[in-house]
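[1] Mind looking at a prediction? Sequence and model below.
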Amino acid sequence: LNLFFLVLWGIMSLLRLPWVLRLAVVAFVQYALGERNEKTKAIKTGATMAKMVDNLLAELAQLRRENAELTMQNDYLTSEVTRLSPSKTSPSPIVADSLGESRSETLQVHVQAHSSEVTGEALTGWTHHALVEALELEQTEAIPITKFKEEWAQAGYEVIVLDSLSEYKNHFAARAWKSPSDQKGPKTDAPLPEAVPLTSVVESPFFYHGGNMQASKYGAGVSSINFGRTRDKITGPCYFTFENAFAAAFYGSVGNAMVKAVGPNGTMSEIGYLLMMELKVSQPDKCVGLVPDWQFLTALSKHGQAEKGAFIESKCGQDCAFIAINWNYYNKAGWGLLPYEFRLLPASVARCSITLNNIIAIRADQEVRAFEQEFEPSFQKAEKAFATLLKYNVENHDDKMGEQKMAEWRESANRS
């Protein structure tokens, strides 16, 4: 820069410009160059600030995502602490049964039914699956296991009786799920992007449904299944099953009050049986269904009953057989909260070639009940995810069906 001014001064000397004019020219040039430098610095400073703002916004978005995940995890931990804390209210009838409560406490809902005092709270939450079974009873007194087997034999089906925890575990050793915490059964616990055959999800060709498995109710086999008799209508008409027999038996605890073991002297024992049916899929390759992500389940939950079928068909095609749900809120491997609940859709019986294979009765002694109780923590964690879907549309919860089932139970009880 100094060399530049010397050259400029020399040129002005050759031109014999007056001293005053020379000084004015030099001062003007210095001012002009200084202003240009300031503009250059300002431009560079502005670009730097813009980059800093962009970086801060990106970091803020990341912090918000992390905070959302921490909030969800905190909710789960809070729910778990609440569950483990001493309860101020009695447990639900089905959970009480699995904890080994007395028969009178187990049938609390039945007492309420007689007095017409069953409230909405008594029939809400995840236990509604098992409660629905409890409300469809066709006898009000327990029967011995011998009579239970005879009734099913007359319908042409065998009852497999497992009289101990070791027999229970050994019988299902060949199945994919060997215990409630075993995550090796399904081939994935993350959502799949498109409709897939059953063989892409699990290896076992068996489904299990736990509940009140009376021959008078299911003696005609799969034709006895009524896909519309559900209070949970998040996915429309369906029939709730598990590939995991231990999960199904958790719901089958309602049978503990209805079918009893026989003592050495021939009288009925206080020990009952967990009841479930075993369904066999003979065409697993043609049994095509959905393993949806949380976004799909949310969208489906927002639709009314008249729209759900078309929405499922848009993703699965015609005659969709099942929707497999494991309450994987984050859509990531390792985040499934429960073994897959296979909600069989009406088209499944024909498309998958489903038949009633066996009825299974598991003697619910203290060891078996304690083993089944291992399933409850997972069950409790999934309850909040279930509740979020339920609230999107009032049609997701069929209170009229619950009232109808209760009325049928009262009529049956009065006849007896």
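    Thanks, I have the structure now.

[2] so how far is P292 from E194?
    Per CB to CB, to the nearest Å, E194 is found 10 Å from P292. C-betas here are computed from N, CA, C, even on glycine.

[3] what sits in contact with each of those two?
    Jointly contacting E194 and P292 under the rule CB atoms under 8 Å, 6 or more residues apart in numbering are K315.

[4] what about those two, which has more around it?
    Neighbour totals were compared for E194 and P292, and P292 leads with 24 against 10 (other CB atoms under 10 Å).

[5] just checking, the more buried one touches I323?
    Yes - counting by CB atoms under 8 Å, P292 touches I323, with 6.6 Å between them.

[6] can you tell me which strand in the chain is longest?
    Longest strand in the chain by number of residues (criterion: DSSP state E): strand 268-281.

[7] Show me what that one pairs with in its sheet, parallel or antiparallel.
    When pairs are called by DSSP bridges, strand 268-281 turns out to pair with strand 206-210 (antiparallel), strand 259-262 (antiparallel), strand 354-363 (antiparallel).

[8] quick one: buried residues of whichever helix or strand comes after the last one?
    For strand 354-363, the following helix or strand on the C-terminal side (DSSP states H and E) is helix 366-372. Neighbour-count burial for helix 366-372, with 16 or more other CB atoms under 10 Å as criterion, is recorded at V368, R369, F371, E372.

[9] Over to stretch 200-207?
    Of all the residues in stretch 200-207, those buried under the rule 16+ other CB under 10 Å are S200, V201, V202, S204, P205, F206, F207.

[10] Out of those residues, which comes closest to M276?
    F207 (10.0 Å; CB to CB).

[11] Show me the beta-bridge partners of the residue nearest to that closest one when sequence neighbours are not counted.
    Spatial nearest neighbour of F207, chain neighbours left out: T241 (3.9 Å); criterion: CB to CB, 6 or more residues apart in numbering. Bridge pairing for T241 (DSSP bridges) gives the partners F342.

[12] Was I right to think T241 contacts F206?
    No - judged on CB under 8 Å, T241 makes no contact with F206 at a distance of 9.3 Å.

[13] Need the residues touching each of the two.
    L279.

[14] Turn the buried residues of stretch 200-207 into CSV, columns for secondary structure and pLDDT.
    Formatted as CSV, those follow (DSSP: H, G, I helix; E, B strand; the rest coil; pLDDT from 0 to 100):
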residue, secondary structure, pLDDT
S200, helix, 93
V201, coil, 92
V202, coil, 89
S204, coil, 87
P205, coil, 92
F206, strand, 93
F207, strand, 95
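
[15] residues of stretch 223-233 that come out buried?
    Buried positions in stretch 223-233, judged by neighbour count with 16+ other CB under 10 Å: I225, F227, T230, R231, D232, K233.

[16] got the contact list for Q154?
    Neighbouring residues of Q154 by CB under 8 Å, 6+ apart: A215, G219.

[17] next one: phi and psi at it?
    The phi/psi pair for Q154 (degrees, to the nearest 10) reads phi -60, psi -30.

[18] what's the pLDDT at it?
    In this model, Q154 is scored at 96, pLDDT.

[19] for E194, same thing?
    94.

[20] Excluding chain neighbours, what is closest to it?
    Nearest non-adjacent residue to E194, counting by CB to CB, 6+ apart: K315, 7.9 Å away.

[21] separation between the one you found and E150?
    Distance of K315 to E150, given as CB to CB: 46 Å.

[22] next one: D365
    Taking CB to CB as the measure, D365 falls 23 Å from E150.

[23] again, but for G263
    Distance of G263 to E150, computed by CB to CB: 18 Å.

[24] With G252 instead?
    Applying CB to CB, the value for G252 to E150 is 20 Å.

[25] between those two, who's got more neighbours?
    Between G252 and E150, G252 has the larger neighbour count (other CB under 10 Å), namely 30 against 13.

[26] Would you list the phi and psi of the more buried one?
    phi -70, psi 0.

[27] for the one 3 residues further on, same thing?
    In this entry, G255 is assigned phi and psi values of phi -70, psi -20 (degrees, to the nearest 10).

[28] residues touching it, list them.
    G210, G211, N212, M213, G272, Y273, L274, L275, A361.

[29] likewise W335?
    Going by CB under 8 Å, 6+ apart, W335 touches D189, A190, N328, Y329.

[30] In CSV: those, plus distance to G221 and pLDDT.
    Compiled in CSV, those are given as follows (distance: CB to CB, whole Å; pLDDT from 0 to 100):
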residue, distance to G221, pLDDT
D189, 31, 79
A190, 34, 85
N328, 33, 87
Y329, 36, 85
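
[31] between these, which has the most around it?
    Most neighbours among those, by other CB under 10 Å: N328, with 25 neighbours.

[32] Am I right that it falls within a strand?
    No - read with DSSP: H, G, I helix; E, B strand; the rest coil, N328 is coil and lies in no strand.

[33] residues contacting it?
    Neighbouring residues of N328 by CB under 8 Å, 6+ apart: D189, A190, P191, D293, W294, W335, G336, L337.

[34] Out of those, flag the one nearest to E141.
    The nearest member of the contacts of N328 to E141, counting by CB to CB, is L337 at 37.3 Å.

[35] what about that closest one, neighbour count?
    21.

[36] In three-state terms, how would it be classified?
    Counting by three-state DSSP, the backbone at L337 sits in coil.

[37] thought L198 was touching S282?
    No - proximity of L198 to S282 does not meet the contact threshold set by CB under 8 Å, at 11.1 Å.

[38] Return every residue with contacts to both of these two.
    Residues touching both L198 and S282 (CB under 8 Å, 6+ apart) are P205, C352.

[39] would you say A350 is within a strand?
    No - A350 sits outside any strand when classified using three-state DSSP, being helix.

[40] On the three-state scheme, the closest residue to it other than its chain neighbours is what?
    Nearest residue to A350 in three dimensions, chain neighbours excluded: D319, at 7.8 Å (CB to CB, 6+ apart). What three-state DSSP gives for D319 is coil.
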